[in-house]
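Undergrad: Return a 3D structure for these sequence lines:
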Amino acid sequence: MTGHQDGAARVLIVDDDDTLRRALGINLKARGYEVVDAADGASALALAARKPPDVVVLDLGLPDLDGVEVILGLRAWSRAPIVVLSAREDQSQKVAALDAGADDYVTKPFGMDELLARVRAALRRAAPVEETGGSVVTTPDFTVDLRTRRVVTAAGEVRLTPTEWALLEVLVRHAGRYVPSKTLLQEVWGPSYGTETNYLRVYMAQLRRKLEPDPARPRYLITDPGMGYHFAPDAAGQSGEH
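TA: Okay, here's the model as predicted:
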């Protein structure tokens, strides 16, 4: 996954708080990561282009650009997972960040151990999985290749973020069977998750926008009210709740 020094994953830290940026850098380097950092959004985008990161830790409250603008700028060319840092009161901004393509968020103030766990989980989701046989699932509107991590429609390849892919992959591997919300959260975001159903709503909406012929009436990515979600490859499953 990495082509950097000693094969270490490269983490881009974007935060205008010098003390926090230094502390994050020290902790990440101590755990074997390569660290690059920027104090504002414009510098971060330029640095990411020069030294493409494997994961980004991004504060939403930057002095020049809105954090969501930085996410959109990165997502124009990069699929590297993005872990957002945000103040407790920024609930709407968190959702906007997830909508723009962030993969996770950590609320300030946070524990260093928690943030490091989120970074590890984000890198795991982005890592390629070795697959043998039975790895291609075809629907009337798109094809999912689990081995190459590609989704193709009649219009061409669909770009998915690591988290969008991880969610789709779990559902496709359990095709035709409902997957409880808690199971999805723990499979995609990690074992400490289980109640963050807003994550699932945001990401299912994104997947439907990218894959469903009519996102308001999903044929493939189905909500099982009060239970979870399931993938219907034959487009037979309809849901009354989206």
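
Undergrad: C-alpha from now on. contacts and neighbour counts both.
TA: Fine.

Undergrad: roughly how far apart are Pro233 and Thr19?
TA: Pro233 sits 50 Å away from Thr19, taking C-alpha to C-alpha, to the nearest Å as the criterion.

Undergrad: out of the two, which sits in the busier spot?
TA: Set side by side, Pro233 and Thr19 show more neighbours around Pro233, with 20 against 10, by other C-alpha atoms under 10 Å.

Undergrad: In three-state terms, label that one for me.
TA: When classified by DSSP: H, G, I helix; E, B strand; the rest coil, Pro233 comes out as coil.

Undergrad: List the buried residues of the helix or strand of the chain with the lowest mean pLDDT.
TA: Lowest on mean pLDDT, DSSP states H and E among the helices and strands of the chain sits helix 91-100, with a mean of 82. Within helix 91-100, the residues that qualify as buried are 93-94, 97-100, counting by 16 or more other C-alpha atoms under 10 Å.

Undergrad: what's the answer for stretch 225-236, then?
TA: The neighbour-count check on stretch 225-236 (16+ other C-alpha under 10 Å) flags 228-233 as buried.

Undergrad: Contacts only, for Arg125.
TA: Listed by C-alpha atoms under 8 Å, 6 or more residues apart in numbering, the contact set of Arg125 reads 162-163, 166, 188.

Undergrad: Now do it, the pLDDT please.
TA: pLDDT, Arg125: 75.

Undergrad: follow-up on the earlier one: what does the least confident helix or strand of the chain contact?
TA: Helix 91-100 is contacted by residues 67-68, 71-72, 84, 86, 104-105, 202-203, 206 when judged by C-alpha under 8 Å, 6+ apart.

Undergrad: Just put those in TSV and tack on secondary structure and pLDDT.
TA: Formatted as TSV, the contacts of helix 91-100 follow (DSSP: H, G, I helix; E, B strand; the rest coil; pLDDT from 0 to 100):
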residue	secondary structure	pLDDT
Gly67	helix	90
Val68	helix	91
Ile71	helix	94
Leu72	helix	91
Val84	strand	92
Ser86	strand	84
Asp104	strand	88
Tyr105	strand	85
Val202	helix	90
Tyr203	helix	92
Gln206	helix	91
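
Undergrad: Can you select the buried ones from the residues you listed in ChimeraX?
TA: This is how ChimeraX selects the buried members of the contacts of helix 91-100, with burial counted by 16+ other C-alpha under 10 Å:
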select :67,68,71,72,84,86,104,105,203,206
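
Undergrad: Tell me the one of the contacts of helix 91-100 nearest Val151?
TA: Of all these, Val151 sits closest to Gln206, with 14.0 Å by C-alpha to C-alpha.

Undergrad: List the residues that contact the closest one.
TA: By C-alpha under 8 Å, 6+ apart, the neighbours of Gln206 are 99, 164.

Undergrad: if we go to 10 Å?
TA: Applying C-alpha atoms under 10 Å, 6 or more residues apart in numbering, one finds that Gln206 lies in contact with 98-101, 160, 164, 200, 212, 215.

Undergrad: can I see the domain layout of the protein?
TA: Domain assignment for the chain, taken from automatic domain parsing, gives 5-126, 136-231.

Undergrad: Show me the helices in the chain, by range?
TA: 18-30, 41-50, 67-75, 91-100, 112-126, 162-173, 181-188, 197-211 (DSSP state H).

Undergrad: what comes up buried for the last one?
TA: Yep, that's helix 197-211 we're talking about. In helix 197-211, counting by 16+ other C-alpha under 10 Å, buried: 199-200, 203-208, 210-211.

Undergrad: Farthest-apart pair in those, please.
TA: The largest distance within the buried residues of helix 197-211, taken as C-alpha to C-alpha, falls between Tyr199 and Leu211 and amounts to 18.1 Å.

Undergrad: Adding distance to Thr139, write the helices of the chain out as JSON lines.
TA: Conversion of these to JSON lines gives the following (distance: least, C-alpha to C-alpha, whole Å):
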{"stretch": "helix 18-30", "distance to Thr139": "42"}
{"stretch": "helix 41-50", "distance to Thr139": "36"}
{"stretch": "helix 67-75", "distance to Thr139": "27"}
{"stretch": "helix 91-100", "distance to Thr139": "25"}
{"stretch": "helix 112-126", "distance to Thr139": "24"}
{"stretch": "helix 162-173", "distance to Thr139": "11"}
{"stretch": "helix 181-188", "distance to Thr139": "22"}
{"stretch": "helix 197-211", "distance to Thr139": "11"}
